[in-house]
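Novice: this one's sequence-less:
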């Protein structure tokens, strides 16, 4: 199972690198579109292991259609965590004119008193978009995920859910 997950992550990284390389022009200057697609996700958290609630927020940069990366912070039962790195690989699936995007995410960072790591699957769908101009678009969706977290000696499983706010300009 670890080898399969590692293969998926390597494949996603290669896809991201290929897409990133296409954004570089022939004169080796970066395209201005590279840093213009951000996602904010405020969410509620429910620890299904100990039946506790919490909250958090993530700010992610859309590298391409398959990879988002950024940071997040959350609080659960008095424990704070801040991800130094969060990444998620994803692919959009359309069924009967409805698009859903399943993803796998992983994050590592600093907990209240130790390093932590979490990983798990999730799903989001966009519900609304508004085009302010040809180059500025605001999208609103809903996102949910399941994750397993190791934070020092504490291991737990949780569900996170909230709105997904995406601004492209």
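Specialist: Thanks, I have it. This structure is a prediction, so every number in the text was calculated from the model and none was measured.
Novice: Contact partners for residue 68?
Specialist: By CB atoms under 8 Å, 6 or more residues apart in numbering, residue 68 lies in contact with 39, 60, 61, 62, 87, 88, 90. C-betas here are computed from N, CA, C, even on glycine.
Novice: Among the residues you listed, which one sits closest to residue 48?
Specialist: Lowest distance from residue 48 to the contacts of residue 68 (CB to CB) belongs to residue 88, with 20.6 Å.
Novice: Is that closest one within a helix or a strand, and which one?
Specialist: Following DSSP states H and E, one finds residue 88 within strand 79-90.
Novice: what does that strand contact?
Specialist: Contacts to strand 79-90, defined as CB under 8 Å, 6+ apart, come from residues 8-9, 12, 58, 60, 65-75, 101-112, 116, 122, 149, 151, 154.
Novice: before we move on, which element is the residue nearest to residue 42 when sequence neighbours are not counted in?
Specialist: Spatial nearest neighbour of residue 42, excluding adjacent residues (CB to CB, 6 or more residues apart in numbering): residue 57 at 4.8 Å. Using DSSP H and E, residue 57 sits within strand 52-64.
Novice: got the buried residues for that strand?
Specialist: By 16 or more other CB atoms under 10 Å, the buried positions in strand 52-64 come out as 54, 56, 58, 60, 62, 63, 64.
Novice: Is it possible to get CSV of the residues you listed that adds pLDDT and distance to residue 45?
Specialist: Shown next, in CSV, are the buried residues of strand 52-64 (pLDDT from 0 to 100; distance: CB to CB, whole Å):
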residue, pLDDT, distance to residue 45
54, 94, 4
56, 93, 6
58, 94, 11
60, 94, 17
62, 90, 23
63, 91, 25
64, 90, 28
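Novice: show me what contacts the residue lying closest to residue 136 once chain neighbours are set aside?
Specialist: Leaving aside its sequence neighbours, residue 136 sits nearest to residue 169 (CB to CB, 6+ apart; 4.6 Å). Counting by CB under 8 Å, 6+ apart, residue 169 touches 36, 135, 136, 137.
Novice: again with residue 164
Specialist: By CB under 8 Å, 6+ apart, residue 164 lies in contact with 39, 40, 41, 124, 126, 139, 140, 141, 142, 143.
Novice: try 7 Å this time
Specialist: Neighbour list for residue 164: 39, 41, 124, 141, 142, 143 [criterion: CB atoms under 7 Å, 6 or more residues apart in numbering].
Novice: still on that earlier bit, would you check the distance separating the strand holding residue 57 from the middle of the chain?
Specialist: Using CA atoms, centre = their mean, to the nearest Å, the mean C-alpha position of strand 52-64 is found 6 Å from that of the whole chain.
Novice: rewinding a little: mind telling me the two of the contacts of residue 68 farthest from one another?
Specialist: Of all the pairs that the contacts of residue 68 form, the one spanning the most space (CB to CB) is 61 and 90, at 13.6 Å.
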